[in-house]
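Novice: Sequence below, structure please.
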Amino acid sequence: MSKRESKLTWIGVFGMWTIGGAIYPVLSDVTKVVAPMNLVFYRSFGSAVLLGALLIIFQRSTFRELKFDRRLIPLVVASLLFNPGCAGTLAWASVKIPGAITALLFGSLPAIATIFGMLVGRRTNRMAVMGVVIATIAVGFLVGHPSGTITTSGIIAALLATVAWFAATEVWVTFNPGYSLLLATFMQTLIGAFGAFLARPILNSPAVHVHEVFIGGVVFLTFAFATQHLMYLGISSRVSGAVLTSFGFVNPLIAALVGYLFYSQKITSMQSIAGAILLFGVALVVRNEKSSLTS
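Specialist: Numbering: from 1, shown residues only. Now for the predicted structure:
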């Protein structure tokens with residue numbers, strides 16, 4: 001991997017850590033005024049418009065890569081798993097449980113990826129596994145006991161969102177169609193937008209309203225969604241599963257900070273200590289797989 005590619009990969013990893021964490025508390029706040037599946041449609045369609053504009057301006061020729069052949073199958077499957085599969089259930093769960101809890105459940109992704117990798121015979125560094133174990137335990141203490149109502153249906157929905165994200169990742173990594181990054185991300189968000197629109201009747205979503213697109217939180221989530229998917233697909237083939245899903249560890253920490261700064265949520269001493277332990281675990285994961293980013 002060249003120095004430029006290594007640098008871009010690090011940017012993608014740190015971007016997933018920070019942007020992903022900021023999404024959870026904003027998502028919980030926005031779903032108070034916007035129907036969950038409508039929100040998923042707004043941000044996915046808006047992301048497709050943004051990415052499509054970038055394609056037209058900078059990489060118009062890449063549209064020629066798109067062929068209506070079997071390579072579209074994994075692209076469509078992964079797109080629908082990401083959105084509305086993951087995003088839809090996550091948005092719905094955000095109405096039922098605090099954002100910190102959804103972040104906690106997504107914190108299980110690295111452990112799931114590591115265990116799955118072992119089962120299918122992927123090489124896993126022992127120190128990285130130790131880091132995953134340490135960080136997974138710390139995530140639970142980091143979240144603590146957030147304020148707000150917690151329902152069983154919300155927990156189940158958040159778990160389904162986590163599984164959908166993992167399944168979509170495996171489909172994408174295993175059957176990557178080979179399109180350029182910007183084109184692949186544009187196609188994913190566009191297909192996801194159509195999937196979200198068609199899924200709206202399942203949750204009896206109200207009619208969509210143009211003015212909701214311009215709500216501050218919706219605008220943020222739209223830009224964050226486009227950026228997050230661009231970064232995630234960009235690093236998916238360059239790093240191990242533990243590093244790829246390490247955002248699941250750091251996101252709760254960022255979510256707690258955003259909740260504290262903007263939504264008057266409290267951070268206890270135990271959460272602060274757990275946050276430090278969590279970062280230590282993440283450092284073990286990244287340090288022992290750093291060669292995959294620099295070699």
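
Novice: quick one: buried residues of stretch 234-247?
Specialist: Within stretch 234-247, the residues that count as buried by 16 or more other CB atoms under 10 Å are 234-236, 238-247. Backbone N, C-alpha and C define where each C-beta goes, glycine included.

Novice: Using TSV, lay out those residues together with secondary structure and pLDDT.
Specialist: Listed next are those as TSV, based on DSSP: H, G, I helix; E, B strand; the rest coil; pLDDT from 0 to 100:
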residue	secondary structure	pLDDT
Gly234	helix	88
Ile235	helix	88
Ser236	coil	85
Arg238	coil	80
Val239	coil	81
Ser240	coil	76
Gly241	helix	77
Ala242	helix	76
Val243	helix	82
Leu244	helix	84
Thr245	coil	84
Ser246	coil	84
Phe247	helix	84
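
Novice: Farthest-apart pair in those, please.
Specialist: Between any two of the buried residues of stretch 234-247, the greatest separation by CB to CB is 17.4 Å, found for Gly234 and Ala242.

Novice: So, low pLDDT: which residues of this structure?
Specialist: Low-confidence segments of the chain, defined by pLDDT under 70: 1, 98-100, 103, 123-124, 140-150, 265, 288-295.

Novice: Select the longest helix from it.
Specialist: helix 3-30 (DSSP state H).

Novice: Which elements pack onto that one?
Specialist: Counting contacts by 3 or more CB pairs under 8 Å, 6 or more residues apart in numbering; DSSP states H and E, helix 3-30 packs against helix 87-96, helix 99-106, helix 216-235, helix 247-262, helix 291-294.

Novice: Tell me which of those lies nearest to Met16.
Specialist: helix 247-262 (3.9 Å).

Novice: List the contacts of the closest one.
Specialist: 13, 16-18, 20-26, 99-100, 103-104, 106-110, 135-136, 138-139, 142-143, 146, 265-267, 271, 275, 278-279, 281-282, 285 (CB atoms under 8 Å, 6 or more residues apart in numbering).

Novice: Mind checking which of these are buried?
Specialist: The neighbour-count criterion (16+ other CB under 10 Å) marks 13, 16-18, 20-26, 99-100, 103-104, 106-110, 135-136, 138-139, 142-143, 146, 265, 267, 271, 275, 278, 281-282, 285 among the contacts of helix 247-262 as buried.

Novice: Tell me which helix or strand Val282 sits in.
Specialist: With elements taken from DSSP states H and E, the one containing Val282 is helix 269-287.

Novice: again, but for Ala138
Specialist: Taking DSSP H and E as the definition, Ala138 sits inside helix 126-143.

Novice: Which secondary structure elements does whichever helix or strand comes after that helix sit against?
Specialist: Past helix 126-143, heading to the C-terminal end, the next element that is a helix or strand (DSSP H and E) is helix 152-174. If you count contacts as 3+ CB pairs under 8 Å, 6+ apart, helix 152-174 packs onto helix 72-80, helix 87-96, helix 99-106, helix 109-119.

Novice: Now the longest one: buried residues?
Specialist: Put plainly, it is helix 109-119. Counting neighbours by 16+ other CB under 10 Å, helix 109-119 gives Leu109, Pro110, Ala111, Ile112, Ala113, Thr114, Gly117 as buried.

Novice: Show me the contact partners of it.
Specialist: If you take CB under 8 Å, 6+ apart as the criterion, helix 109-119 is touched by 124, 128-129, 132-133, 135-136, 162, 165-166, 169-170, 240-242, 244-249, 285.
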